[in-house]
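Peer 1: Fold the stuff below for me.
(one chain, ligands or ions: 1)
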Amino acid sequence: MLKNKKTTISVKDLVYPLFVREGIGICEEIPSMPGIYRFPLDAIARETRALVKLGIGAVLLFGVPTGKSREGSEAYKKDNVAAKAVTKLKRKFPDLTVMTDVCLCAYTSHGHCGVILPGCRTIAHKTTLDALCRMALSHAEAGADYVAPSAMAKGQVWAIRRALDAHGFKDTGIMGYSAKYASNFYGPFRDAANSSPLFGDRSAYQLGFSNSASAMKEIAADIREGADIVMVKPALAYLDIIREAANRFRAPLAAYNVSGEYAMVKHGAKLGLWNEKKVVLEIITSIKRAGADLVITYHAKDIAKWLKER
Ligand SMILES: [Zn+2]
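Peer 2: Residues are numbered from 1 along each chain as shown. As a prediction, this is how the structure comes out:
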């Protein structure tokens with residue numbers, strides 16, 4: 001049932017995605033996502049201090065490695081870029097909730113979300129699960145509060161939960177990218193994380209956009225497997241999915257307001273089509289109104305500033 005109450009946005013509902021790369025020096029702006037940067041490791045704490053000052057309580061980290069390989073082993077090697085960033089942030093901002101994306105697509109030379117063995121064109125499931133578990137463990141060891149598997153490999157939440165528990169990380173939570181659609185709105189993100197697939201697409205392991213029943217099944221499966229937070233991604237074209245998930249499940253529900261949604265707003269504002277602040281607040285309110293508890297959004301920093309001005 002829709003509750004007839006006024007929906008409001010609080011800075012506490014927001015999660016800010018952060019791209020972090022190896023090295024020092026320049027913060028590289030992502031051309032398709034004005035205002036969003038790939039931060040070198042030496043700049044990540046400075047940026048995060050500004051976020052904490054604005055009241056943002058949670059970030060979602062994406063590592064952008066220097067080297068890629070067929071297996072994506074940079075993702076879980078000792079001192080991988082994401083783990084190094086987690087260590088830095090948890091040391092400086094112990095109260096900040098640090099979440100990490102767990103997927104291989106930024107680390108594999110072919111850009112797919114799992115391991116593809118020589119001579120094959122499809123993902124090797126068991127090898128992929130092992131790699132995802134190793135990646136999640138490296139983030140947990142560094143102090144991540146939540147790991148967020150996004151590879152859409154069957155059983156990934158279950159495998160990661162077992163691996164975390166077996167290594168003494170019972171308190172590390174899991175945010176499942178439960179209902180992740182094979183969306184056309186991810187283009188700018190692939191620019192940001194250098195993660196476009198070299199061949200084929202991801203429709204073999206992400207959901208088709210005409211389907212809602214599968215999304216509910218995937219969410220139910222993630223909850224059974226031990227997810228603490230479930231997610232619908234993208235958000236704006238999937239408000240019905242968010243609403244249905246909010247009605248059906250009690251688990252905290254996150255919605256990912258993705259790169260393409262962000263880019264539309266930014267480029268529209270640049271063309272003078274609309275007032276950016278008004279459009280952003282309307283969109284994020286609609287996502288919350290649909291039933292999301294958390295909104296992962298590249299607009300989080302701007303929203304936090306606007307809420308402070310009020
Ligand atoms: Zn991926």
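Peer 1: Next, the contact list for residue 151, please.
Peer 2: Applying C-beta atoms under 8 Å, 6 or more residues apart in numbering, we find residue 151 in contact with 102-105, 113-114, 128, 132, 205. (C-beta placed from N, C-alpha, C; glycine too.)
Peer 1: let's see 7 Å
Peer 2: Residue 151 sits next to 103-104, 113-114, 128, 132 when contact means C-beta atoms under 7 Å, 6 or more residues apart in numbering.
Peer 1: Can you flag which of these belong to helices?
Peer 2: 128, 132 (DSSP state H).
Peer 1: how about JSON lines for the contacts of residue 151, with distance to residue 149 added?
Peer 2: Shown next, in JSON lines, are the contacts of residue 151 (distance: C-beta to C-beta, whole Å):
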{"residue": "103", "distance to residue 149": "7"}
{"residue": "104", "distance to residue 149": "10"}
{"residue": "113", "distance to residue 149": "10"}
{"residue": "114", "distance to residue 149": "11"}
{"residue": "128", "distance to residue 149": "11"}
{"residue": "132", "distance to residue 149": "6"}
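Peer 1: of the contacts of residue 151, list those near the ion.
Peer 2: Here is what survives when the contacts of residue 151 are matched to the ion using C-beta under 5 Å from the ion: 103, 113.
Peer 1: What is the nearest of the contacts of residue 151 to residue 44?
Peer 2: Distance ranking of the contacts of residue 151 against residue 44, using C-beta to C-beta, places residue 103 first at 19.4 Å.
Peer 1: My guess is that closest one contacts residue 113. True?
Peer 2: Yes - if you go by C-beta atoms under 7 Å, residue 103 and residue 113 touch, sitting 5.2 Å apart.
Peer 1: circling back to that earlier point, now tabulate the contacts of residue 151 in a markdown table and tack on pLDDT, neighbour count and distance to residue 89.
Peer 2: Output for the contacts of residue 151, formatted as a markdown table (pLDDT from 0 to 100; neighbours: other C-beta atoms under 10 Å; distance: C-beta to C-beta, whole Å):
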| residue | pLDDT | neighbour count | distance to residue 89 |
| --- | --- | --- | --- |
| 103 | 96 | 29 | 20 |
| 104 | 96 | 30 | 22 |
| 113 | 92 | 27 | 25 |
| 114 | 91 | 25 | 27 |
| 128 | 95 | 26 | 27 |
| 132 | 98 | 30 | 22 |
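Peer 1: Three-state assignment for whatever residue of the stretch 201-310 of the chain ends up closest to the ion, please.
Peer 2: At 7.4 Å from the ion, residue 202 is the closest residue in the stretch 201-310 of the chain, using C-beta to the ion. Under DSSP: H, G, I helix; E, B strand; the rest coil, the three-state class of residue 202 is coil.
Peer 1: In space, what's closest to it - neighbours in sequence excluded?
Peer 2: Distances taken as C-beta to C-beta, 6 or more residues apart in numbering place residue 182 nearest to residue 202, at 5.4 Å, with adjacent residues excluded.
Peer 1: Kind regards, and thank you for your time.
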